[in-house]
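Student: the sequence and its predicted three-dimensional model are supplied below.
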Amino acid sequence: MKEFSYVIEDIQEIFPAIYEVLSEQKAMQARRSFVAVYGRAASEKLMAKIRRAVAQRMPQACVVGAVAMQSIVDGRLTDDGVAVSFTLYESSDAAAWLYDFDAMDPAEAGRTFAEVLASEDDVRAIEFISTDDRFGIGAFFDELAAVPDDVAVFGGIAENGTEAMPTIFAGDAACGHGVLAIAFSGPDLHVSVNSSFGWKPLGRVMTITRMKDPFTVQSIDNRPAVEIYQTYLGLAMDEDILTEMLTFPLFLHRNGIALARLPQTSERDGSLHFAGDFFEGERVQIAYGDPQEILDTADRLQVGMAAFHPQAMYFVSCVARILLLATDTEKELVMSRYAPSAGFYAYSEFLRRGGEFMTANMTLVTIGMREGEKSDAPVKLPERISHVDARTNIMRHLVNFVQQVIGELEDANERYRRLARHDLLTGLLNRGTTDETLAAMVDEAEEDAAPLSVLMMDIDDFKGINDTCGHAAGDQALRLVARVLQGEVRDGFDVAGRMGGDEFLVILYRTEEREARFIADRIRKHIESLSPLPGGRKMTTSIGTAALLRGDTAQDLYKRADEALYAAKQSGKNAVATARRKS
């Protein structure tokens with residue numbers, strides 16, 4: 001697989017691009033070429049010319065396109081140009097189907113596509129690009145429940161169109177009201193889909209109490225929906241409320257994933273129409289778009305993408321992220337360093353969790369593809385940088401919000417103080433928080449089919465240290481081990497916790513078994529090299545390692561690491577042992 005991405009500003013620029021791709025296609029003996037064209041509405045005529053030029057010179061290619069507010073090429077926004085990406089597949093395939101909702105009922109279209117998929121072999125991923133019709137796409141998705149769980153799903157809503165100005169394309173077909181479905185297939189095709197959010201919930205949990213339709217909320221906590229924003233954010237009726245609310249969508253959890261819903265229009269009765277659906281009785285909070293957190297969350301996706309070793313990358317991101325991040329927008333696309341990339345900004349993004357198709361807002365979706373097994377070559381991650389950047393234009397609303405909710409938070413804060421997350425002696429996470437984090441990271445690893453490993457360790461003859469050197473020395477030993485763990489794990493990715501007594505657990509994010517054992521042995525040697533405790537006594541540790549296996553629960557993983565620790569003790573201590581795999 002090989003991808004070429006271009007920004008085309010004049011039709012003459014497409015011809016040398018096509019020549020370069022055809023030359024490589026011949027050299028690779030590529031089986032199929034996939035071409036995606038994205039541009040703004042003002043570039044629709046240029047997009048049409050590009051599609052015709054590609055179709056004439058590459059008649060076997062699968063050519064698709066969409067009108068979008070903004071496009072992406074190799075981690076850069078395209079501004080006024082048209083983004084064109086060519087992906088050459090050596091053993092895989094891409095095929096597209098366009099369903100016009102003006103000519104076919106959305107549910108019927110969904111059933112038709114489900115039948116098409118049933119006849120396709122080795123489908124690994126499906127991309128959906130729809131126009132701005134959430135009722136139609138919802139009915140379409142309702143018919144696709146039988147799509148296997150291991151098929152990756154991504155996509156989003158592009159510009160709405162008309163019969164006179166179609167906005168989604170597949171080959172010679174085009175429409176302004178429907179859905180474009182693209183199936184990527186092949187026995188050697190591997191696809192990794194991940195999403196980044198970054199908005200933080202603020203204030204108390206509220207309830208959707210009355211709906212006009214799935215996208216229009218009439219009341220929240222039995223008050224007109226718009227009053228929630230006027231009260232908590234201090235928005236006056238004469239302000240541009242919808243512009244201000246871009247930073248503050250409603251936040252909810254569904255199927256274990258954080259979702260946002262962006263207000264689009266308000267009505268005289270105080271109702272708000274959102275860019276995503278709600279259910280009556282659903283629990284929501286106001287969310288705050290923190291640029292630093294948004295960029296930090298996107299940075300963390302680099303770890304998984306680097307480990308995946310993509311040969312081609314695609315992005316689907318929310319237009320609200322551009323509006324909030326402004327000149328920092330391209331900072332969240334830095335993972336393009338790992339492969340050529342293309343993509344577009346959507347008005348809503350499509351995800352699937354737990355077999356359910358969902359519409360998200362404010363989300364960055366990253367897609368990596370490759371043919372064959374990943375390269376053994378190590379990938380060096382860039383140094384993490386701080387994204388701290390004051391956004392003074394939202395501070396007035398934040399201050400008003402805090403003043404309104406501070407009374408509501410006092411009782412909750414008192415409870416949180418009693419349920420401290422950290423161990424007071426070592427500063428590591430306490431057992432309860434570590435257990436919760438392990439369960440969450442296991443769920444995430446299972447969902448993403450990503451590796452995860454844990455280290456279970458304790459101090460050899462810790463009782464002897466207490467008895468011989470005193471409890472103060474024992475406390476010092478615990479703090480020394482904690483300091484080593486804090487220095488050895490990756491900040492923001494791995495987790496270290498004290499489980500009680502002299503027992504510690506380290507959770508290694510997206511880490512294979514062999515690397516986990518290497519890290520464990522490095523920690524063991526580091527602790528052994530420390531200066532003696534009072535009385536000249538040296539400290540050693542025993543460590544058990546275990547890697548997440550298919551179908552493991554957090555308890556299964558913990559138990560196998562504990563068994564490995566026991567094996568390390570039995571081997572003579574000051575040792576590392578790895579859990580045996582299930583027979």
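Tutor: Great, that's in hand.

Student: could you pull out the helices for the protein?
Tutor: 14-28, 44-57, 106-119, 134-142, 225-233, 241-244, 291-308, 319-325, 395-418, 431-448, 462-469, 471-488, 513-528, 554-570 (DSSP state H).

Student: helices and strands around the third one, which ones?
Tutor: Counting contacts by 3 or more CB pairs under 8 Å, 6 or more residues apart in numbering; DSSP states H and E, the secondary-structure elements packed against helix 106-119 are strand 93-100, helix 134-142, strand 178-185. Just so you know, the C-beta spots here come from the backbone N, C-alpha and C atoms, and that holds for glycine as well.

Student: check the fifth one too.
Tutor: Contacts defined by 3+ CB pairs under 8 Å, 6+ apart place helix 225-233 against strand 216-220, helix 241-244, strand 283-289, helix 395-418.

Student: give the buried residues for it.
Tutor: For helix 225-233, the neighbour count (16 or more other CB atoms under 10 Å) marks Ala225, Val226, Ile228, Tyr229, Gln230, Tyr232, Leu233 as buried.

Student: low-confidence regions, the stretch 251-400 of the chain specifically.
Tutor: Across the stretch 251-400 of the chain, the ranges flagged by pLDDT under 70 are 379-400.

Student: rewinding a little: in JSON lines: the helices and strands packed on helix 106-119, plus mean pLDDT.
Tutor: What follows is those, written out as JSON lines (pLDDT from 0 to 100):
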{"stretch": "strand 93-100", "mean pLDDT": "96"}
{"stretch": "helix 134-142", "mean pLDDT": "86"}
{"stretch": "strand 178-185", "mean pLDDT": "96"}
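
Student: now the buried residues of helix 225-233 as JSON lines including pLDDT and distance to Val481?
Tutor: Compiled in JSON lines, these are given as follows (pLDDT from 0 to 100; distance: CB to CB, whole Å):
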{"residue": "Ala225", "pLDDT": "92", "distance to Val481": "52"}
{"residue": "Val226", "pLDDT": "89", "distance to Val481": "54"}
{"residue": "Ile228", "pLDDT": "87", "distance to Val481": "48"}
{"residue": "Tyr229", "pLDDT": "84", "distance to Val481": "49"}
{"residue": "Gln230", "pLDDT": "83", "distance to Val481": "53"}
{"residue": "Tyr232", "pLDDT": "80", "distance to Val481": "45"}
{"residue": "Leu233", "pLDDT": "77", "distance to Val481": "46"}
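
Student: got phi/psi on Asp188?
Tutor: Note on Asp188: backbone dihedrals following degrees, to the nearest 10 are phi -100, psi 10.

Student: quick one: it and Met369 touch, right?
Tutor: No. Counting by CB atoms under 8 Å, Asp188 does not reach Met369; the two are 11.0 Å apart.

Student: who's more crowded, these two?
Tutor: Neighbours per residue, other CB atoms under 10 Å: of Asp188 and Met369, the larger number sits with Met369, 25 against 15.

Student: now that one, nearest residue through space, not along the chain?
Tutor: Nearest residue to Met369, sequence neighbours excluded (CB to CB, 6 or more residues apart in numbering): Ala312, at 4.9 Å.

Student: so that neighbour is in contact with Met1, correct?
Tutor: Yes. At 5.8 Å, Ala312 and Met1 qualify as touching, with contact defined as CB under 8 Å.

Student: next, show the common contact partners of those two.
Tutor: Listed as contacting both Ala312 and Met1 by CB atoms under 8 Å, 6 or more residues apart in numbering are Thr87, Met369, Arg370.

Student: the residues you listed into JSON lines, with extra columns for distance to Gln555?
Tutor: Listed next are the shared contacts of Ala312 and Met1 as JSON lines, based on distance: CB to CB, whole Å:
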{"residue": "Thr87", "distance to Gln555": "42"}
{"residue": "Met369", "distance to Gln555": "34"}
{"residue": "Arg370", "distance to Gln555": "34"}
